[in-house]
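Trainee: Requesting a structural model of the entry that follows:
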Amino acid sequence: MSPESNGMSGTSWLGNQIDARALFGPELRSLLDTLRGLAPSDWSRTAAGRWTVHDVAAHLLGDYYGRLGHDWRNGFADGETVEAFIHRTNQEWVDLHADDSPASLIDALAAAGTQLAQRFATANLDATALGVSWAGVNPAPAWLDIAREFTEHWTHRQQIRHAIGCNTDTDPRALTVVLDTFMRALPHTLRRTSAPVGAQVQMIAEGPADGTWTATATADRWSLAEVPSSRPTAVVLLDTETVWRLATRNIDPADALSRADVQGDRRLAEAACRIVSIIY
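Mentor: Numbers count the residues shown, from 1 in each chain. Got it, this is the predicted structure:
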């Protein structure tokens with residue numbers, strides 16, 4: 001694979017491009033359908049940590065506004081890390097909109113989400129974009145930044161679904177992109193894991209959106225761009241539900257390992273299961 005083949009010179013180790021652009025419209029419609037079907041009491045159900053369904057919906061609105069260029073975040077506090085800054089300002093936004101009615105939130109999400117979906121639909125995948133810290137790349141190719149944004153929208157919708165007693169939406173078109181994007185964190189996850197050049201760690205997801213991702217130890221880094229071997233050094237086989245929950249830390253690595261079929265080098269398998277595909 002040439003350095004330019006994934007849309008940005010020097011990041012070929014991230015693997016092939018992901019094109020999530022056409023998925024934002026359907027994702028928004030699914031979110032709005034879910035929110036419009038909520039009972040009044042559903043909005044106060046716990047959805048993510050201390051956040052309620054209302055909080056998650058408000059947070060999504062903040063995400064939309066941020067990507068549309070509305071600068072609502074305050075500056076960094078002295079000594080504040082990027083992660084702390086994002087968590088603090090996210091909470092400030094949610095607190096600011098705590099008294100918004102469900103109807104006003106839905107209307108605002110529909111308007112901003114439609115505008116954002118239209119903007120992403122014509123985005124240049126080969127452009128330089130925001131960094132993706134959990135993949136260890138800054139700046140990132142636009143295709144990865146856009147796909148990362150899609151996974152955030154999808155994940156928050158699942159949190160709302162789970163809060164009201166619904167299972168994960170396993171529509172394979174969306175879930176395939178989500179898993180493929182989350183697995184781009186694998187080389188960064190393994191960056192401090194020693195292995196001989198040519199060693200391969202294979203993550204396999206089985207279920208409604210199955211897939212296989214192989215990280216190879218090269219002279220410089222772990223890479224998703226190398227040809228998979230028929231005999232990888234380590235294999236971790238998980239169901240798709242466990243994979244996305246692990247990548248978003250809805251379950252921890254030990255829980256994921258207990259559900260996994262591990263073959264080969266267990267040390268490498270355990271390292272791969274430390275994958276995190278969110279700012280954590």
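
Trainee: which ones are touching residue 100?
Mentor: Contacts for residue 100 (C-beta atoms under 8 Å, 6 or more residues apart in numbering) come out as 54, 58, 108. All C-beta atoms are positioned from the backbone trio N, CA, C, and that covers glycine.

Trainee: So which of those residues is the closest to residue 161?
Mentor: Each of these was scored against residue 161 by C-beta to C-beta, and residue 54 proved nearest at 14.9 Å.

Trainee: circling back to that earlier point, turn the contacts of residue 100 into JSON lines, including secondary structure.
Mentor: Shown next, in JSON lines, are the contacts of residue 100 (DSSP: H, G, I helix; E, B strand; the rest coil):
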{"residue": "54", "secondary structure": "helix"}
{"residue": "58", "secondary structure": "helix"}
{"residue": "108", "secondary structure": "helix"}
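
Trainee: And the helices in the protein?
Mentor: Counting by DSSP state H, the segments of the chain that form helices are 24-36, 53-67, 82-96, 102-121, 142-163, 172-182, 186-189, 240-247, 253-259, 266-272.

Trainee: Ok, which of those helices comes nearest residue 231?
Mentor: Nearest to residue 231 among these is helix 266-272; the distance by C-beta to C-beta comes to 13.6 Å.

Trainee: Let me know the closest of the contacts of residue 100 to residue 221.
Mentor: Set against residue 221, the nearest of the contacts of residue 100 by C-beta to C-beta is residue 58 (38.6 Å).

Trainee: before we move on, the earlier item: I'd like the helices of the chain as CSV, with distance to residue 234 and mean pLDDT appended.
Mentor: Shown next, in CSV, are these (distance: least, C-beta to C-beta, whole Å; pLDDT from 0 to 100):
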stretch, distance to residue 234, mean pLDDT
helix 24-36, 34, 98
helix 53-67, 35, 97
helix 82-96, 29, 91
helix 102-121, 36, 98
helix 142-163, 25, 98
helix 172-182, 18, 98
helix 186-189, 12, 98
helix 240-247, 16, 98
helix 253-259, 12, 96
helix 266-272, 4, 98
